[in-house]
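Enquirer: Here is my input, please return the structure:
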Amino acid sequence: MKNYQESEKEIVRKEALTNAIQYLTKERFKTTIAYKSYLKDAKEALINKYNNGGNYGEIAYELTDETIKRWEKFYESIVQSKKPSELKIAYLCGPNPLNDLHIMINLGVLPENVWAFELGDNEYSNAIMETLNSKYPYLKIIKGDMSIFFEYNPIKFDIIYFDACAPLPSPSSKTLKSLVSIFKNHKLNSPGALITNFSLPTQEQDAHTNDSIAKIVGAYLHPKAFLENNEDDSDSRIKDGAETYGYIYGEEEWNKTVSSDLNNYYGQYLTRFINDIASVIVPYQKIFNSKEFLKIFFKDIFDKKSHDKLNKELKEKLYNFTHFTDDDEDGYGGDIFVDSMLYSILVSIYYIDDLDKKNKFFKSFFNELSILKNKDMFVDAISFIFYIFDQGNGQEKYYSDSLQNLSNNWNAFSRHYLCDLFLFHQLKELLARQLCVPYHLNIEKTNRWTYKAKETQMFTDLLVFDECRYLYDWMPTLDMLETNLNNLDMELSIRLILDAVSKHTLYYNKEYFYGTSALDIGIKGFEGKVLKKRKNIKS
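Expert: Numbering: from 1, shown residues only. Sure, this is the predicted structure:
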């Protein structure tokens, strides 16, 4: 029986669990994307810049101290302190649950607050025997799939340790399905930590898996505006994406670039993909799947006979939005590919859909990523939400009366007080996210490791997610907002809190809140957040 006690893995599991527990307890109020003093600090930064010759900032005086204090009190009501003994943890325990449990308990976690999961018959039996013979008989071990438990059980966790030890995706292990279930069923508290551990077989171990993963990674990363710069002699942690360097998707040069340095690109893909699942892919599907939700913002979008299908006219618009046609000489059509960096998630979905449909990896990708009935509905849903949250391409026709009234009275140029213009499609996205409750990744608190388990390269990510309810619950809902359009105090408070979120999406998600900075990234303390380099653990 494997005991999973290689020295490298021991180092990684201890560092990951230690950091996660510290972030959610001692550093809890520094772990949220916007911290308690963010409004006050942002106002002071704007005023200081203005007083020193900056071209904006005078308007910051309109944000009152009363509003700042009210928001700080509101923040405290949402982000309440926690001790290690109050954290609830779920983890894949394998045959040796004490490996992780000892670390948790030494860090102050109560074994009664820990749930463990194991699917294999022999592994489960061994886990039960090991635990019963230990000092911790209160550990709850469930025989079964963690994702199924998440479907029917309402318990939420502060830390989920998904030690998959398989690739992402993996048709046999259903790793992607389990990962999606965490966000679909909203199983993480906020702030909450997700620790993942995925493998990458070499060509010698499994050529088919290695080749398939390389194709998925290449398709997923190619349209990204920025990639990680992992060169040791570079001062910058980011660099422009593949398209900027002239790599054309589908051509051999890009394929070779990814395959020849797959450990590097796979490590990037894992972090970016999980972030996208939490913040875009799952929330967008949930929006599409809620007809009552959509009625608040839009009208006449579904077929009258089949409410699961978009109406014919809208389907044609989506086709033109996502495909080049014979009529595209005038420059219209295929918008997502023309500006692929703004729609990178959607573009990568079409890239992967165009790969060999007989390959079980590519089929598994869509089957497990979708929370809807089938792959076609999944693609329709993601395409529709990207289209309807955009502007300038006939979206106004589908606005509800309330959204149309707000649009009619929204003048972005009258709000050009801060670094970026606040455009209507950004407000529209903000209002929709208020209701669908996405997770946002804290880039600064993300930690990553890679190590070898015998001959297999492993990749561990510690990802801290934040629902940012101190932003979404602070702002008025759609019809309430219309009556507050001229409330400058309210607008400034929302813009400055949103600025904190935009600093974490700046280099990683152009799909939403891109161009919503209130403060210039050159202001100290308000820079765009950048991922730390993945730490290589060697014996």
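
Enquirer: list the contacts for residue 514?
Expert: By C-beta atoms under 8 Å, 6 or more residues apart in numbering, residue 514 lies in contact with 342, 502, 505, 506. For every residue, glycine as well, the C-beta is placed using N, CA and C.

Enquirer: The last one touches residue 531, doesn't it?
Expert: No. With contacts counted by C-beta atoms under 8 Å, residue 506 stays clear of residue 531, the gap being 11.7 Å.

Enquirer: Which of those two has more residues huddled nearby?
Expert: Neighbours per residue, other C-beta atoms under 10 Å: of residue 506 and residue 531, the larger number sits with residue 506, 23 against 20.

Enquirer: out of everything not next to it in sequence, what's closest to residue 255?
Expert: Distances taken as C-beta to C-beta, 6 or more residues apart in numbering place residue 218 nearest to residue 255, at 6.0 Å, with adjacent residues excluded.

Enquirer: quick one: buried residues of the worst-scoring helix or strand of the chain on mean pLDDT?
Expert: The helix or strand of the chain with the lowest confidence, counting by mean pLDDT, DSSP states H and E, is helix 478-482 at a mean of 88. Neighbour counts over helix 478-482 (16 or more other C-beta atoms under 10 Å) mark 478, 481, 482 as buried.

Enquirer: same check, this time on stretch 58-71
Expert: Within stretch 58-71, the residues that qualify as buried are 59, 60, 63, 67, 68, 71, counting by 16+ other C-beta under 10 Å.

Enquirer: and of the residues you listed, the nearest to residue 167?
Expert: In terms of C-beta to C-beta, no member of the buried residues of stretch 58-71 lies closer to residue 167 than residue 71, at 43.5 Å.

Enquirer: quick one: what helix or strand has the closest one in it?
Expert: Element membership of residue 71 [criterion: DSSP states H and E] is helix 65-78.

Enquirer: right, and the helix or strand after that helix?
Expert: Moving toward the C-terminus from helix 65-78, the first helix or strand encountered (DSSP H and E) is strand 89-92.

Enquirer: right, and the helix or strand after that following strand?
Expert: Scanning forward in sequence from strand 89-92 by DSSP H and E, the next helix or strand is helix 98-106.

Enquirer: And the strands in the stretch 401-539 of the chain, which stretches?
Expert: Counting by DSSP state E, counting those that start in this stretch, the stretch 401-539 of the chain has strands at residues 440-441, 447-453, 456-466, 535-536.

Enquirer: and residue 14, how many neighbours?
Expert: As a burial measure, residue 14 scores 16 neighbours (other C-beta under 10 Å).

Enquirer: Distance of the closest residue to it other than its chain neighbours relative to residue 75?
Expert: Residue nearest to residue 14 in three dimensions, not counting chain neighbours: residue 103, with 5.4 Å by C-beta to C-beta, 6+ apart. Residue 103 sits 31 Å away from residue 75 when distances are taken as C-beta to C-beta, to the nearest Å.

Enquirer: Between these two, which is the more surrounded one?
Expert: Ranked by neighbour count (other C-beta under 10 Å), residue 103 and residue 75 place residue 75 first, with 22 against 18.

Enquirer: how close does that one sit to residue 50?
Expert: 25 Å.

Enquirer: Residue 269 - that's part of a strand, no?
Expert: No. If the criterion is DSSP: H, G, I helix; E, B strand; the rest coil, then residue 269 is helix and not within a strand.

Enquirer: My read is that it contacts residue 220, right?
Expert: Yes. Residue 269 lies in contact with residue 220 (C-beta under 8 Å); the separation is 5.4 Å.

Enquirer: in this structure, which strand has the most residues?
Expert: Here the longest strand in the chain is taken by residue count, with DSSP state E as the criterion, and it is strand 188-200.

Enquirer: Figure out how far it is from the centre of its chain.
Expert: A distance of 11 Å separates the centroid of the chain from that of strand 188-200, by C-alpha atoms, centre = their mean, to the nearest Å.

Enquirer: Can you list the neighbours in contact with stretch 215-227?
Expert: With C-beta under 8 Å, 6+ apart as the test, stretch 215-227 has contacts from 169, 238-243, 247, 249, 254-255, 258-259, 262, 265-266, 268-269, 272-273, 340-341, 343-344, 347-348, 351-352, 355, 361-362, 365, 507-508, 510.

Enquirer: After the longest strand of the chain, which helix or strand is next? Please name it.
Expert: For strand 188-200, the following helix or strand on the C-terminal side (DSSP H and E) is helix 207-221.

Enquirer: I'd like the distance between residue 461 and residue 204.
Expert: For residue 461, the distance to residue 204 under the criterion C-beta to C-beta works out to 25 Å.

Enquirer: Of those two, which one has the most company?
Expert: Just comparing residue 461 and residue 204: by other C-beta under 10 Å the higher neighbour count belongs to residue 461, 22 against 8.

Enquirer: any idea where the helices of the stretch 301-450 of the chain begin and end?
Expert: Secondary structure of the stretch 301-450 of the chain (DSSP state H, counting those that start in this stretch): helices at 312-322, 335-338, 344-353, 360-369, 375-388, 401-408, 424-436.

Enquirer: got TSV for the ones you listed, with distance to residue 43 too?
Expert: Formatted as TSV, the helices of the stretch 301-450 of the chain follow (distance: least, C-beta to C-beta, whole Å):
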stretch	distance to residue 43
helix 312-322	40
helix 335-338	38
helix 344-353	33
helix 360-369	41
helix 375-388	34
helix 401-408	26
helix 424-436	20
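
Enquirer: Among the ones you listed, single out whichever gets nearest to residue 123.
Expert: Between residue 123 and these, the shortest separation by C-beta to C-beta is 22.2 Å, and it involves helix 360-369.

Enquirer: what does that closest one contact?
Expert: Taking C-beta under 8 Å, 6+ apart as the criterion, the residues outside helix 360-369 that touch it are 169-171, 174-177, 180, 209, 212-213, 215-216, 277, 281, 352-353, 355-357, 375, 378-379.

Enquirer: And those, which of them are buried?
Expert: Neighbour counting with 16+ other C-beta under 10 Å marks 169-171, 174-177, 180, 209, 212-213, 215-216, 277, 281, 352-353, 355, 375, 378-379 as buried within the contacts of helix 360-369.

Enquirer: got a list of what residue 213 touches?
Expert: By C-beta under 8 Å, 6+ apart, the residues touching residue 213 are 167, 200, 262, 266, 361.

Enquirer: Of those residues, which is the most crowded?
Expert: Counting neighbours by other C-beta under 10 Å, residue 167 comes out on top of the contacts of residue 213 with 26 neighbours.

Enquirer: wait, doesn't it sit right on residue 211?
Expert: No. Under the criterion of C-beta under 8 Å, residue 167 lies out of contact with residue 211, with a separation of 11.8 Å.

Enquirer: neighbours of residue 381, just the number please.
Expert: For residue 381, the number of neighbouring residues by other C-beta under 10 Å comes to 21.

Enquirer: Quick check: it vs residue 344, distance?
Expert: According to C-beta to C-beta, residue 381 stands 17 Å off from residue 344.

Enquirer: Residue 115: which element?
Expert: Take DSSP H and E as the rule and residue 115 turns out to sit in strand 114-118.

Enquirer: how about the next helix-or-strand element following that strand: buried residues?
Expert: Once strand 114-118 ends, the next helix or strand along the chain (criterion: DSSP H and E) is helix 121-132. Across helix 121-132, burial judged by 16+ other C-beta under 10 Å covers 123, 124, 126, 127, 128, 130, 131.

Enquirer: cool, stretch 256-274 as well?
Expert: Judged by neighbour count using 16+ other C-beta under 10 Å, the buried positions of stretch 256-274 are 257-259, 262, 264-274.

Enquirer: which residues touch it?
Expert: With C-beta under 8 Å, 6+ apart as the test, stretch 256-274 has contacts from 168, 179, 194, 196, 198, 200, 210-211, 213-214, 216-218, 220-221, 224, 227-228, 230, 242, 247, 441, 446, 448, 450, 457, 459, 461, 463, 508, 531, 534.
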